[in-house]
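> sequence and predicted structure, then a few things I'm wondering about:
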There are 2 protein chains.
Amino acid sequence: MNGADLLCETLLANDIDICFANPGTSEMHFVAALDRQPRMRCVLGLFEGVVTGAADGYARMADKPAATLLHLGPGLANGLANLHNARRAHSPMVNIVGEHALDHLRYDAPLTTDIDALAWPMSNWVGRVETAETVGARTEDAIRAARTAPGGIATLILHADAAWNPTSAAPPARVTLPAPVAPDDRRVRAAADALRNGRRTTLIATGLALRAPQLELLDRIAARTGARLLAQQSNSRMQRGAGRVAVDRVPYVVDKAVAALADTEQAVLVGAKAPVGFFAYPGKPGSMLPEECRILELVEPGEDIVAAVELLADMSGATAGPAPRLAPRMRPEPVTGRLTPDAIAIALAHHMPADAIICDESVSSGRDFFGKTYGAEPHDFLQLTGGAIGIGMPLAAGAAIACPDRKVITLQADGSGMYTLQALWTHAREALDVVTIIFANRRYQILHGELKNVGAGEPGRNARRMLDLDNPELDWVRLAAGMGVEGASTDTAEGFAELLRTACTRKGPFLIEARI
Amino acid sequence: MNGADLLCETLLANDIDICFANPGTSEMHFVAALDRQPRMRCVLGLFEGVVTGAADGYARMADKPAATLLHLGPGLANGLANLHNARRAHSPMVNIVGEHALDHLRYDAPLTTDIDALAWPMSNWVGRVETAETVGARTEDAIRAARTAPGGIATLILHADAAWNPTSAAPPARVTLPAPVAPDDRRVRAAADALRNGRRTTLIATGLALRAPQLELLDRIAARTGARLLAQQSNSRMQRGAGRVAVDRVPYVVDKAVAALADTEQAVLVGAKAPVGFFAYPGKPGSMLPEECRILELVEPGEDIVAAVELLADMSGATAGPAPRLAPRMRPEPVTGRLTPDAIAIALAHHMPADAIICDESVSSGRDFFGKTYGAEPHDFLQLTGGAIGIGMPLAAGAAIACPDRKVITLQADGSGMYTLQALWTHAREALDVVTIIFANRRYQILHGELKNVGAGEPGRNARRMLDLDNPELDWVRLAAGMGVEGASTDTAEGFAELLRTACTRKGPFLIEARI
């Protein structure tokens, strides 16, 4: 057994049996080891942003890490943007990054880079395996780091000779994970007291607090205490739709967020961060909460958020109170005519099947989605958590692999979609049950709004050339076909509804170019 | 005038009038400033790897830097792989990376990252502009860093409020660049002496030593002293073809490189690094030169390589010797039948026009190119310098913008091409005169060879799933069409030759899928 074999076996012994990969020469012994392990499912991405984004989607839906395999510093660099999103989502992940043989580093061969420096900004843990003898222990460290609540990015740098040299290390064992950290009673008590002190209170939740059972408890707490319940602006995963609690999110736009929270005297953060502006703007506040607002954190990072919500429900008397308010199944009036984001949301409310997984990278165009889909079939809603665009189609790939029996629907802005369009090939290769909806407005629409906000007036030639995706227009049906994914284009509400209905009644990848 | 305006004007005052860009909200004031400067040409890339690769191609052909505009840490991260290649090519470049307003950093907004940490591994200089008052001086520092020989990557991190705040700083001046560092006489003398000591000597050249006049001098030195002349394995830019010196490169494959250099007793490095293996392999050497080989460096980094070559020619008596040996125009016998890499090289030898620029990312498939094209029309040959794949089509975009009157031909492996295929859209948007040849072998061919080398035997299911690009096959003609680039596909030598001939007699972007 060589180091690469031991690494594979350690992953498998810890229930990590999916490896999203784009290997290179320095990883070839690891590839050979994977080839000897048919239990490991290897999924190729044609660009590393696909690899890391898919591992994120997988982790969000499987609640456990996948492995990735990346080629040296540049391969890691290509995957960093989606690692950034995954880190913000607290998705567990074990990255294996190949590195030159230890002795080869002194030659400064062309691909040599400072992998640690590149890894740290987007990782919670970084480690190096320099010898075959240390593969087992370091891999266990990485798995432990990835799986310790709330979940993190572990990046294991594997020297080529550590992979190819034989090892006599003990066979892999299942890593002992630290027990969940119980919530702090006094902290929860303080929140419960605050909820009863008569001040206007907003509960802001994220993470595991947005799963259906926890949202039901939070709704009962809110109902019992008169507080308002909101989700954080951007969340890893949120369970919603008919039969579930209808929760709004903190708005993205600064003025709207400030207005929405203007009367909040107390905010109880349920795993969430205090809401801040995604960006700074001259003369606008950075914090979305009023200056005098009191902020209470229900849990500290790593504490058991599920237990904390249960304890808060008990302490606030909600458990003894009325049942949660659940959204009924609702079908908004269908619309016809020119296709709009609103019409897309309405069609989704009608046709998305039960237990669909929505991967949302619709950016500006998807802001109407929530309003129309509180009563859609129950679904999971996955967001762009770190603002690094290019997550939608990779995330969908990972979610579909984690949940092969569920329909995945991607709401994909065209500008962001171009960042990692290679993911469509993985949809085709793996025959994933993913419907990709491209919001084809032919521009970075959000930036047109921002340019207007800075008072630059009508965009001139240079600004238009940087913010518009026209001349030539992208043809997403051809792009998809080039990667083996069937697609169709439409610019009417009724055409879209029919395409979506059809796509939702069959299996396999499909792309709809929604010309809005 | 605000900080963003001053930044633009400082760039323009220093002859930097191209900005390859993919901006975001935090760069919107800079976008507005660019919009007020019609002298600045803004070129949008639909992914940052396109942006940085294009800036590299531009710098290699224009011999001066372009600016790039990147959005925060993730935007920079997406551009890092091609920055790595550019740094290895010593291409001058000024990256403007947006950053949150200084006061906003404390909120840890979703896109917040450690930009310095990300920038350093792929930059020669990193600086931060925290206030509008310091924009001018820091921009000048960045330009100086980029333009100091041999050229470097300068990354300027621009806080949003430094861009939007007014500045009373002095109007921009042209940066005084350090004078070229004269070569060290004793160092050159030592090389000249070595060339006459009767030992078998190889001159290994790169950088500016590979322009036509310097190659002629080096050839005369070699002829005069009995030395052999080789180019480094991978080079930023090399002038070759009919009427120029025919120079081979150090082979890529370790065994071949070792064999080629086995009888070298002395190596004179003309700007080059001592040749090393691209990767380490068990039981194979890391250095390609024999252990006992004496190594002489003609110049130190930053020294004037052109002057050093001239001095060496004088000192070695070459200037008084015979004229250089220049390759005649040669047209290899055309071939027909199944398309092969060899047939592609032969067609290129026939049809590429004079002064073409070849951007080579053909990886394993392009290894036959040199042998068939020593007598092609004179051309510039640009390579993948850092091994980070995804450079070819972006590099071509930049080269075409630097040299609008010259035909650019990209030799593009399919696997590498998928990394930054978005560059095709920029080819179309800017109506660039680029012919892209896709070597469509439907696999990471180089890795199949490497897997064989590690003794893994026939690849099994997992290995094939990571190394093959089939199932589904990519359709490059559709991918190109989806981005507005016309294309055609062929699998015969005569079909390819005809497509290439046609593409070379018309202007504008065209893609040939060469099914080899």
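Happy to help now that I have it. Treat the numbers as computed from the prediction; the structure is a model and nothing was measured.
> who does the residue nearest to A:Arg128 when sequence neighbours are not counted form a beta bridge with?
Leaving aside its chain neighbours, A:Arg128 sits nearest to A:Ile157 (4.5 Å; criterion: CB to CB, 6 or more residues apart in numbering or on different chains). (Glycine included, C-beta is placed from N, CA and C.) With DSSP bridges as the criterion, A:Ile157 is bridged to A:Val97, A:Arg128.
> kindly report the same for A:Thr68.
Assigned bridge partners for A:Thr68, using DSSP bridges, are A:Phe20, A:Asn95.
> list the contacts of it.
Taking CB atoms under 8 Å, 6 or more residues apart in numbering or on different chains, we find A:Thr68 in contact with A:19-21, A:51-52, A:55, A:79, A:93-96.
> contact residues of the stretch 151-300 of chain A facing chain B?
The stretch 151-300 of chain A has residues A:160-161, A:164, A:234, A:273, A:276-280, A:282, A:286-287 near chain B, with proximity defined as CB under 8 Å from any CB of the partner chain.
> same check on the stretch 301-450 of chain A?
Contact residues, the stretch 301-450 of chain A versus chain B (CB under 8 Å from any CB): A:385-390, A:415, A:418-419, A:421-422, A:425, A:428-429, A:446-447, A:450.
> hmm, back to that, between the contacts of A:Thr68, which sits nearest chain B?
Proximity of the contacts of A:Thr68 to chain B (CB to the nearest CB) peaks at A:Ala21, which lies at 5.3 Å.
> not counting sequence-adjacent ones, nearest residue to that closest one?
In this structure, A:Ala21 finds its nearest non-sequential neighbour in A:Leu69, 3.8 Å apart by CB to CB, 6+ apart.
> these two touch, right, the one you found and A:Met28?
No: assessed by CB atoms under 8 Å, A:Leu69 is found out of contact with A:Met28, at 11.0 Å.
> dump the residue contacts of the residue nearest to A:Ala21.
A:19-23, A:27, A:30-31, A:34, A:51, A:96, A:98, B:466.
> mind listing the strands for the stretch 301-450 of chain A?
Per DSSP state E, counting those that start in this stretch, the stretch 301-450 of chain A carries strands over the ranges A:356-361, A:379-383, A:408-413, A:434-440.
> can you put those in CSV and add mean pLDDT and mean neighbour count?
Shown next, in CSV, are the strands of the stretch 301-450 of chain A (pLDDT from 0 to 100; neighbours: other CB atoms under 10 Å in any protein chain shown):
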stretch, mean pLDDT, mean neighbour count
strand A:356-361, 98, 26
strand A:379-383, 98, 25
strand A:408-413, 98, 29
strand A:434-440, 98, 28
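> could the ones you listed go into CSV alongside distance to B:Gly495?
Formatted as CSV, the strands of the stretch 301-450 of chain A follow (distance: least, CB to CB, whole Å):
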stretch, distance to B:Gly495
strand A:356-361, 40
strand A:379-383, 46
strand A:408-413, 37
strand A:434-440, 34
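> which of those strands sits closest to A:Ser123?
Within the strands of the stretch 301-450 of chain A, the stretch nearest A:Ser123 is strand A:379-383; the backing value is 21.1 Å (CB to CB).
> quick one: that closest one to strand A:356-361, angle?
Using axes from the mean of the first three to the mean of the last three CA atoms, to 10 degrees, the direction of strand A:379-383 lies 20 degrees away from that of strand A:356-361.
> elements contacting strand A:379-383?
helix A:48-62, strand A:238-240, strand A:356-361 (3 or more CB pairs under 8 Å, 6 or more residues apart in numbering or on different chains; DSSP states H and E).
> give the contact list for A:Arg128.
A:99, A:116, A:138, A:156-157, A:159.
> doesn't A:Glu513 fall inside a strand?
Yes: using DSSP: H, G, I helix; E, B strand; the rest coil, the assignment for A:Glu513 is a strand.
> let's verify the residue nearest to A:Gly484 when sequence neighbours are not counted: helix, strand, or coil?
In this structure, A:Gly484 finds its nearest non-sequential neighbour in B:Pro472, 2.9 Å apart by CB to CB, 6+ apart. Classification of B:Pro472 by three-state DSSP places it in coil.
> torsion angles phi and psi at B:Pro472?
Here is the backbone geometry of B:Pro472 (degrees, to the nearest 10): phi -90, psi 160.
> okay, how far is it across stretch A:300-310, tip to tip?
Stretch A:300-310 stretches 16 Å from its first residue to its last (CA to CA, to the nearest Å).
> run the chain-centre distance for that stretch.
20 Å (CA atoms, centre = their mean, to the nearest Å).
> what residues sit buried inside that stretch?
By 16 or more other CB atoms under 10 Å in any protein chain shown, the buried positions in stretch A:300-310 come out as A:303-306, A:308-310.
> is it true that A:Ala497 lies in a helix?
Yes: with three-state DSSP as the criterion, A:Ala497 is located in a helix.
> from A:Phe370, how far off is it?
A:Ala497 sits 19 Å away from A:Phe370, going by CB to CB, to the nearest Å.
> mind checking the SS state of A:Leu83?
Recorded secondary structure, A:Leu83: helix (three-state DSSP).
> okay, it and A:Thr225: tell me how far apart.
As judged by CB to CB, A:Leu83 and A:Thr225 stand 39 Å apart.
> tell me the domain ranges of chain A?
A:3-164, A:185-315, A:341-515 (automatic domain parsing).
> winner for burial among those?
domain A:3-164 (a mean of 25; mean count of other CB atoms under 10 Å in any protein chain shown).
> how far does that one sit from the chain's center?
The gap between where domain A:3-164 is centred and where its chain is centred comes out at 19 Å by CA atoms, centre = their mean.
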